[in-house]
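Student: here are the coordinates; sequence isn't available:
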């Protein structure tokens, strides 16, 4: 039974006030578990009531003061109790006394008068106390393991105390691999010294009690795989307000970031294509305006050509600008002239957006000429249009029959000039026009690679001797990587190391790349132009001055880079490993040719 130990009451006589709180104390004793010790103290921490179990747990015979009651843990216990009374909030704390481990739970009593209890202290000893603690910890661990957010708990020095299932499973780690280590030194942050520095700064801020602030980071979860996460570090304080732990949460936003990067790439590509289209329109308007005799003639010259471009753009948009089927493109450009009078025959062929625009305008010009002056201007006239791929070359035959007699030679007009310019400039093609008496015959010959999509172009290969020379140049070479995409940079580093080079970096900030170059020259620099071209070129100047070969990676044009570094190789995004080896060959073996 929870009998009170001496002193039962220290302070006021047994008046009405004392009777009231003694009744409350008796009810608390009756409700308390048998293993709990109960102590009531006033605002000065003077014990007013101590039951036998409390004295037994604390291993004392006297309870005339707080110090004699709590003995060797009196200072820590007093701090906990005073803080709870001041804040009027319940709190619990684990202590290691000479008698063994104990847990004290403090419940403040509001409006305590003079000599009346200010707090009730429940004391639980040994295995029972820590069983409760373990049960609470197990419950918390189960909760953390059930959530998808990656969660870690640090001590006040930044050492890892706990990690939930999500963050361990992401990198296929066991608790023993990371627990006890300083968090910046763990596997997740081992990919980048800069990431480690950012984490140390965030831990220092949390230790200082700073409000939680989220920031984006990359975590290593495999040899060549990074996750993009949003991290937040939150300080946990004890009852005295001191930071005792730091909770780190990390939410995987890799899919969102990938989508944003794809959108940015598509936006860049769209901008580039729109500029190209506007440039073509501007050229059409300028050339037509110089030849047109009136506004009506200018409008007529432009209307059909712009309509032809619009048709090509519509078809490319339906294919998400990945390319266009040649036969479908030609049908769209020529069917309004009489589909039953035009024969289209040839193999299925997907051509690039640039080639599609050129072919659309060439087909429009040829068809318009046939309708005005050639075979389609006569009731029985026909056009036979056939194409083939022979020995890596695209060949297209245009043949008109059944039209009016054709003069030996016609005046070269804007349409003829446009056909010739597009064929040579955009398709790298040769064009023969034969104005035979029976009808116009034309043949266009171009390398198939100039029409097909990039991935359909003939594969690049290295001769055995070139591969040996490239391996010799890379073996032991120091290759610096400057790229604002850590995942891309990590992939580049892996490909370099596979070829025997030492990857330096990756550097995602120019100042760090500059400092590294000043300390240790490199043999090769691979620099992303798209994040900040001016800074990228400044790094290239420094690397080139040290004799380093240069590779510029870009998703757009590299005009300024080519102007400043004519021997540099250009690596067009997105690229394959084969493309990268080709860029290495261009950068490292050109001077040996």
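Tutor: Received it, and whenever you're ready, just let me know what you need. Not measured: the values here are computed from a predicted model. Numbering: from 1, shown residues only.
Student: Okay, helices next: where are they in the stretch 201-350 of the chain?
Tutor: Using DSSP state H, counting those that start in this stretch, the helices of the stretch 201-350 of the chain run over residues 254-291, 295-318, 326-334.
Student: The stretch 51-200 of the chain too?
Tutor: Under DSSP H, counting those that start in this stretch, the stretch 51-200 of the chain gives helices at 52-58, 66-70, 74-87, 126-146, 165-170, 175-178, 193-207.
Student: Switch these over to CSV; also include distance to residue 392 and mean pLDDT.
Tutor: C-beta coordinates here come from the backbone N, C-alpha and C atoms, glycine included. Below are the helices of the stretch 51-200 of the chain laid out as CSV (distance: least, CB to CB, whole Å; pLDDT from 0 to 100):
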stretch, distance to residue 392, mean pLDDT
helix 52-58, 91, 84
helix 66-70, 92, 85
helix 74-87, 83, 85
helix 126-146, 59, 60
helix 165-170, 47, 86
helix 175-178, 54, 86
helix 193-207, 47, 91
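Student: Please name the bridge partners of the nearest residue to residue 327 once chain neighbours are set aside.
Tutor: Distances taken as CB to CB, 6 or more residues apart in numbering put residue 344 closest to residue 327, at 5.8 Å, once the chain neighbours are dropped. Counting by DSSP bridges, residue 344 is bridged to residue 385.
Student: on that earlier part again, out of the helices of the stretch 51-200 of the chain, flag the one nearest residue 337.
Tutor: Nearest to residue 337, of all the helices of the stretch 51-200 of the chain, is helix 165-170, at 60.9 Å by CB to CB.
Student: Counting by contacts, list what that closest one packs against.
Tutor: Contact here means 3 or more CB pairs under 8 Å, 6 or more residues apart in numbering; DSSP states H and E; on that basis helix 165-170 packs against helix 126-146, strand 150-155.
Student: Tell me which residues are up against it.
Tutor: 144-145, 147-152, 174-175, 178, 188, 219, 221, 227, 250, 252 (CB atoms under 8 Å, 6 or more residues apart in numbering).
Student: Check what pLDDT the closest residue to residue 334 other than its chain neighbours gets.
Tutor: Spatially, and ignoring its direct neighbours in sequence, residue 334 is nearest to residue 367 (4.9 Å; CB to CB, 6+ apart). Per-residue confidence at residue 367 stands at 90 (pLDDT).
Student: quick check: longest strand of the protein.
Tutor: Taking DSSP state E as the criterion, the chain has its longest strand at strand 225-237.
Student: what's the angle from that one to helix 193-207?
Tutor: For strand 225-237 against helix 193-207, the angle by axes from the mean of the first three to the mean of the last three CA atoms, to 10 degrees is 20 degrees.
Student: who are the neighbours of strand 225-237, in terms of helices and strands?
Tutor: helix 193-207, strand 214-222, strand 243-252, helix 254-291, helix 486-498.
Student: And the one residue sitting closest to the centre of the chain, how far from residue 581?
Tutor: Against the mean C-alpha coordinate of the chain, by CA atoms, centre = their mean, the closest residue is residue 257 at 4.2 Å. Applying CB to CB, to the nearest Å, the value for residue 257 to residue 581 is 28 Å.
Student: ok so, going back, isn't the residue nearest to residue 334 right next to residue 335, touching?
Tutor: No: using CB atoms under 8 Å, residue 367 is not in contact with residue 335, being 9.6 Å away.
Student: Tell me which of these two has more neighbours.
Tutor: Neighbour comparison, residue 367 and residue 335: the larger count goes to residue 367, with 25 against 13 (by other CB atoms under 10 Å).
Student: That one should be in a helix, yeah?
Tutor: Yes: counting by DSSP: H, G, I helix; E, B strand; the rest coil, residue 367 is found in a helix.
Student: Next, the contact list for it, please.
Tutor: By CB under 8 Å, 6+ apart, the residues touching residue 367 are 333, 334, 337, 376, 383.
Student: Excluding sequence neighbours, find me the nearest residue to the last one.
Tutor: Excluding the flanking residues, the one nearest residue 383 by CB to CB, 6+ apart is residue 342, at 4.8 Å.
Student: coming back round to it: and the helices and strands packed on strand 225-237: which comes nearest residue 91?
Tutor: Per CB to CB, nearest to residue 91 of the helices and strands packed on strand 225-237: strand 243-252, 12.8 Å.
Student: got the contact list for that closest one?
Tutor: In contact with strand 243-252 (CB under 8 Å, 6+ apart) are residues 148-156, 158, 161, 167, 170, 183, 203, 206-209, 217, 219, 227-238.
Student: how much does it deviate in direction from strand 150-155?
Tutor: 160 degrees.
Student: Determine how far whichever helix or strand residue 389 is part of lies from the middle of the whole chain.
Tutor: Taking DSSP states H and E as the definition, residue 389 sits inside strand 382-390. Distance of strand 382-390 from its chain centroid, counting by CA atoms, centre = their mean, to the nearest Å, is 47 Å.
Student: Understood, closing this out.
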